[in-house]
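Novice: build me a model:
(4 chains)
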Protein chains: 2
Amino acid sequence: MSTIKDVAKAAGVSISTVSYALNNDKRIPPITADRIKKIADDIGYFPSAAARNLKKRATYTVLVAISDFGGPVYHELLDGIHVRLAQSGYTMIVSTGASTANLLKERSTDGAVISDIHITDETLIQLSKSLRPIIVLDRRLKETNIFNMTIDNREAMRKLTEDVLSKGYQKIAYVHGVHGTYDNNTRFQGFTEAMSAAHENVYREYQGNFTKKSGEWIGEEILKEENPPQMLVCANDEMALGIMEVLQKHGKQIPGDFGISGFDDIELSSYVTTKLTSIKIDHFGWGKKIAEALLSLLKDEDAPTEREKGVLKIRDSY
Amino acid sequence: MSTIKDVAKAAGVSISTVSYALNNDKRIPPITADRIKKIADDIGYFPSAAARNLKKRATYTVLVAISDFGGPVYHELLDGIHVRLAQSGYTMIVSTGASTANLLKERSTDGAVISDIHITDETLIQLSKSLRPIIVLDRRLKETNIFNMTIDNREAMRKLTEDVLSKGYQKIAYVHGVHGTYDNNTRFQGFTEAMSAAHENVYREYQGNFTKKSGEWIGEEILKEENPPQMLVCANDEMALGIMEVLQKHGKQIPGDFGISGFDDIELSSYVTTKLTSIKIDHFGWGKKIAEALLSLLKDEDAPTEREKGVLKIRDSY
DNA sequence: GTGAAAGCGCTAACAC
DNA sequence: GTGTTAGCGCTTTCAC
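Specialist: Residues are numbered from 1 along each chain as shown, chains lettered A, B, ... in the order given. Model (predicted):
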């Protein structure tokens, strides 16, 4: 492993000249610079990130922390963030679980995007004191170095619920995701808002955890009920898909016997026979906006951090 | 942002004592060590990764490079790697595209696991000279610091094809994934081996690219044929699912009019009505083995890098 | 236009 | 048991 010293020696110049040349400093004439670059190349020299980071107190790297690699929603979001970051020469790294805490604490990146409900608010607030800009996607936090970019769940779910209501549905139940999470709370808020406005009572509430499995359990539960709901407004697509699968397997018609709606409009919905009515989020576009905002924050500029809108995709499931 | 100096000053000791205390050096008596740790905590001190990395010439971080965040196969693999790495105090970071090259070049991690066909062999070989252990999952490379851990595609696909043959199928076609990739090549090899052994001709070959969309196109193509194949052995599940969807949508029976098989046994298969016969890979377990091997290599120990076996999951699609 | 040298925040050898 | 100090590989100020 060669260092800048080796290059300097091989080129017969000082290490500072090598540094200037490699960083395209205008003081070095192109001829010299090219010669040095050529030599560096031949030697197989690459600057050490550790040394540069230490000296510059910057890493040109951004961390995106997610709760797991399985979620169907992350794909496009990560792509969106990555694309925009790459344009500006930033490196994006992704982590989960314990790794995330390590990376944040030790300032391995210049900024971070957090979408991992396993990280507590307290940890984040503590960390925000050493790591400058942190954008959170999965909660709302009012803190100096923390910026919020969330999806306008409430508004979207209100619209969806209004649409359900307009179709004449009664006995409308709500299927919760993980209790206490931003996404679940705000989606439920939008739902109740629309229900109250229409003077409708919430017929029943089910407690799921955003997974397809939890949807399946709820589906079984519904099958056993004497007076089941007519309509199931679900906090996300995966649960809706789970419920739908179980109900259909038992001969229920959707729509007909039951109406179902989701949220997120995940790609999976296209693998399924009855197309799910859902809220589509442009995760790729949103990812680009998030990166854009983070880039501004890294330059100490203000950044727009408005809520991302969802659009109602009416299909066949109610 | 506080440094080790601040802690030393606050504790009235030298920076080396702080360093020793924080790294649990036995020379520092527990009382002192605890006092110093407490102070570090109060100050909100965390060691800088950059400084430590530079000094120790190690990062205790491992990179996993994948080709995109969307693939349904990566989820469990990443979880498996992460779990094992975390046990040994290593941090795992994941990257795609341009970011991967940056991280590898600048030695931001101590080792790497590569599953990204966009990275050329040449790049990898060049990089392997500075970054010590690299495990590749998506190709076979014989190079000093590069280790191969691949799935035994050939053997698995041979078994599957033998099973197809034993069911009496004729007019058997193969659906290729991305041309030239390790996975596609070796799966096709296994297929042809079994076919030759049974003195069967390959009825037809279709060229897909591992995506569901490409499966759909192939499905359309098949519908137009006068003498379509009876059986479609696909290089992966996603293409098989795409074909199945199109054929079923046009009233074809599976099995019956067509038999179909996949490879990978992705979770998605469970969203679909006709369960796909496929090769199940224990990606989580494999991930743990990969991490185990990398950990050994990082300690300069030998590592077992045998091929991962797949198991045939016979279900309903042929 | 180029070089000498300081210093980023740590670790660890060595001295006491 | 604790402190002093060199040095990891760079960037950048300041001289020349």
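Novice: where does A:I279 land in three-state SS?
Specialist: Three-state call for A:I279 (DSSP: H, G, I helix; E, B strand; the rest coil): strand.
Novice: next, the contact list for it, please.
Specialist: Taking Cβ atoms under 8 Å, 6 or more residues apart in numbering or on different chains, we find A:I279 in contact with A:A156, A:M157, A:L160, A:G262, A:F263, A:D264, A:D265, A:G310, A:V311, A:L312, A:K313. The C-beta positions use only the backbone N, C-alpha and C, and glycine is treated the same way.
Novice: contact partners for A:A303?
Specialist: Residues near A:A303 by Cβ under 8 Å, 6+ apart: A:F147, A:E292, A:A293, A:L294, A:S296, A:L297.
Novice: find the pair from the residues you listed with maximum spatial separation.
Specialist: Largest separation among the contacts of A:A303 by Cβ to Cβ: A:F147 and A:E292, giving 12.1 Å.
Novice: ok, the residue nearest to A:M157 when sequence neighbours are not counted to DNA strand C distance?
Specialist: Counting by Cβ to Cβ, 6 or more residues apart in numbering or on different chains, the nearest residue to A:M157 once its immediate chain neighbours are dropped is A:G190, at 3.1 Å. Computed as Cβ to the nearest atom of the strand, to the nearest Å, the A:G190 to DNA strand C distance reads 45 Å.
Novice: what's the neighbour count on A:G190?
Specialist: The burial count assigned to A:G190 is 24, neighbours taken as other Cβ atoms under 10 Å in any protein chain shown.
Novice: hmm, back to that, filter the contacts of A:I279 to the buried ones?
Specialist: A:A156, A:M157, A:L160, A:G262, A:F263, A:D264, A:D265, A:G310, A:L312, A:K313 (16 or more other Cβ atoms under 10 Å in any protein chain shown).
Novice: right, and the third one touches A:G262 too?
Specialist: No. Contact criterion Cβ atoms under 8 Å: A:L160 and A:G262 do not qualify, at 9.2 Å.
Novice: tell me, what's touching those two both at once?
Specialist: Listed contacts common to A:L160 and A:G262 are A:T277, A:I279; contacts here mean Cβ under 8 Å, 6+ apart.
Novice: ok, back up a step: which residues touch the residue nearest to A:M157?
Specialist: Contact analysis of A:G190 by Cβ under 8 Å, 6+ apart lists A:N153, A:R154, A:E155, A:A156, A:M157, A:R158, A:K159, A:L160, A:T161.
Novice: look up how far A:C234 lies from the fifth one.
Specialist: Looking back up the chat, that one is A:M157. Counting by Cβ to Cβ, to the nearest Å, the gap from A:M157 to A:C234 is 10 Å.
Novice: can you name the residue of the stretch 151-300 of chain A nearest to chain B?
Specialist: Here the stretch 151-300 of chain A gets closest to chain B at one residue, A:Y271, 4.8 Å apart by Cβ to the nearest Cβ.
Novice: could you report the neighbour count for the residue lying closest to that residue once chain neighbours are set aside?
Specialist: Nearest non-adjacent residue to A:Y271, counting by Cβ to Cβ, 6+ apart: B:Y271, 4.8 Å away. Neighbours of B:Y271 under the rule other Cβ under 10 Å: 20.
Novice: so who does B:Y271 touch?
Specialist: Contacts of B:Y271 (Cβ under 8 Å, 6+ apart): A:K212, A:L241, A:E245, A:L268, A:Y271, A:V272.
Novice: let me have the residues you listed in TSV, adding pLDDT and secondary structure as columns.
Specialist: Converted to TSV, the contacts of B:Y271 look like this (pLDDT from 0 to 100; DSSP: H, G, I helix; E, B strand; the rest coil):
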residue	pLDDT	secondary structure
A:K212	91	helix
A:L241	93	helix
A:E245	91	helix
A:L268	73	helix
A:Y271	70	helix
A:V272	76	coil
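Novice: for these, pick the one with the most neighbours.
Specialist: The most crowded member of the contacts of B:Y271, judged by other Cβ under 10 Å, is A:L241 (25 neighbours).
Novice: with respect to DNA strand D, which of the contacts of A:G190 is nearest?
Specialist: Looking at these and their distance to DNA strand D, the nearest is A:N153, at 42.7 Å (Cβ to the nearest atom of the strand).
Novice: the residue lying closest to that closest one once chain neighbours are set aside is in what secondary structure piece?
Specialist: Of all residues beyond its chain neighbours, the one nearest A:N153 is A:T186 (3.9 Å), with distances taken as Cβ to Cβ, 6+ apart. Under the criterion of DSSP states H and E, A:T186 resides in helix A:182-197.
Novice: A:L232 now?
Specialist: Using DSSP H and E, A:L232 maps to strand A:231-234.
Novice: same question, A:I125
Specialist: helix A:121-127.
Novice: that helix: what's the following helix or strand?
Specialist: Taking DSSP H and E, what comes next after helix A:121-127 is strand A:134-136.
Novice: contact residues of chain A facing DNA strand D?
Specialist: Where chain A comes near DNA strand D, counting by Cβ under 7 Å from any atom of the strand, the residues are A:1, A:3-5, A:15-16, A:19-20, A:22-23, A:45, A:47-48, A:50-52, A:54-56.
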